[in-house]
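**Q** when you get a sec, could you give me coordinates for this:
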Amino acid sequence: MNKDTDLVAIYTFIDSLYVIHRDGTQEQHYIHSKHQRHVQEEFDTANTYNYTELARTESAKTSYLGVVYDSYRNLYYITVSRPMPYENRDGTRNNVLDKPWSLLVLDSAFQQIAEMDMPDCLSKHELMVVPKGIALADKRLSDDEKTCFVILRYNEKDLYNTDIATVRRNARGK
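**A** Numbers count the residues shown, from 1 in each chain. Predicted coordinates:
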């Protein structure tokens, strides 16, 4: 939800953002990652249980994983999973969960203002907005007992690393 209590939603396989207002009306805003090369193809339902084909198809697609509202800066961040090869030249296969990612930034009117390619060491699944900026879990600094977050601050041009915070976990990793 944003400051106007509108529900903002995005779906992995659709390149649009939906805003549902309190009165029940809704808006659709087209989004386009710089990594989206072409119109997304329809999935062939005949391959529903062909996991190799599912992984191959997913590897080649740009996917929008989620949207987070930044109430401090009145911005929206969309996590974008970028395309990657399914198979390497040596015949090994990549895991679709390890796809590279970027962060798409939208202003309060849902206009795209930036897209930053993020390093693999930062988790696309552990993102939260904090007063100083955006906290992202850093896999290089984290272990079974603690999660370390890198704080990125938004300035008019891009995001940059400014701080590291650590969250301790108990022995079971919770």
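
**Q** please name the nearest non-neighbouring residue to Gly133.
**A** Of all residues beyond its chain neighbours, the one nearest Gly133 is Arg153 (3.8 Å), with distances taken as C-beta to C-beta, 6 or more residues apart in numbering. To be clear about C-beta, it is placed using only N, CA and C from the backbone, and glycine gets the same treatment.

**Q** host element of the one you found?
**A** Element membership for Arg153 (DSSP states H and E) is strand 146-154.

**Q** so what strands line up beside that strand?
**A** Take DSSP bridges as the rule and strand 146-154 pairs in its sheet with strand 133-138 (antiparallel), strand 159-168 (antiparallel).

**Q** what comes up buried for that strand?
**A** Counting neighbours by 16 or more other C-beta atoms under 10 Å, one finds that the buried residues in strand 146-154 are 147-152, 154.

**Q** which one of those residues is nearest to Ile20?
**A** Ranking those by separation from Ile20, with C-beta to C-beta as the measure, puts Tyr154 on top at 25.6 Å.

**Q** where in the chain is pLDDT low?
**A** The model of the chain has pLDDT under 70 over residues 37-48, 155-174.

**Q** all the strands of it, residue numbers only.
**A** Along the chain, the segments classed as strands by DSSP state E run 7-10, 16-20, 26-30, 63-70, 75-81, 101-106, 112-118, 122-130, 133-138, 146-154, 159-168.

**Q** tabulate those strands (a markdown table), appending distance to Arg93.
**A** Converted to a markdown table, these look like this (distance: least, C-beta to C-beta, whole Å):
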| stretch | distance to Arg93 |
| --- | --- |
| strand 7-10 | 28 |
| strand 16-20 | 31 |
| strand 26-30 | 33 |
| strand 63-70 | 18 |
| strand 75-81 | 17 |
| strand 101-106 | 19 |
| strand 112-118 | 23 |
| strand 122-130 | 20 |
| strand 133-138 | 25 |
| strand 146-154 | 28 |
| strand 159-168 | 32 |
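
**Q** quick revisit: which of the buried residues of strand 146-154 sits closest to Asn88?
**A** For Asn88, the closest of the buried residues of strand 146-154 turns out to be Val150, at 28.7 Å, with distances computed as C-beta to C-beta.
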